[in-house]
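Engineer: Need the 3D shape of this:
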Amino acid sequence: MHKTYAQFICIDPEIRFGKPCVKGTRITVYDVLNYFAAGMSEAEILADFPQLSQKAVRACLLFAADRGNQVKFT
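Structural biologist: Here you go, the predicted model:
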């Protein structure tokens, strides 16, 4: 895992079926991405989910971007 988001993101098969989550929560990276896609701002996400930090939300974006860079198209 990329060191800049590894402190915020974990993958545990016992939590949310092994989907990448924000450490200490059951909020997945994909949940955060879906909130953004639905039109929520970072401030709204942070207000609705006080267990998240700004750094954790940004780590979700970096994690997703890093995963996207690993996709190979044929």
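Engineer: what helices or strands is the longest helix seen in the chain leaning on?
Structural biologist: For the chain, the helix with the greatest residue count under DSSP state H is helix 54-69. Helices and strands touching helix 54-69, by 3 or more CB pairs under 8 Å, 6 or more residues apart in numbering; DSSP states H and E, are helix 3-6, strand 9-10, strand 21-22, helix 29-37, helix 42-48. In this view, the C-beta of every residue, glycine as well, is placed from N, C-alpha and C.
Engineer: Show residues contacting it.
Structural biologist: Applying CB atoms under 8 Å, 6 or more residues apart in numbering, the contact partners of helix 54-69 are 1-2, 4-5, 7-9, 20, 22-23, 29, 32-33, 36, 42, 45-46.
Engineer: which of those count as buried?
Structural biologist: Y5, F8, I9, P20, V22, V29, V32, F36, I45, L46 (16 or more other CB atoms under 10 Å).
Engineer: Setting the sequence-adjacent residues aside, check what's closest to the second one.
Structural biologist: If I follow you right, that is F8. What sits nearest to F8 in space, not counting adjacent residues and going by CB to CB, 6 or more residues apart in numbering, is A59, at 3.7 Å.
Engineer: ok, now the last one?
Structural biologist: Nearest non-adjacent residue to L46, counting by CB to CB, 6+ apart: L52, 6.0 Å away.
Engineer: Thanks a lot, catch you later.
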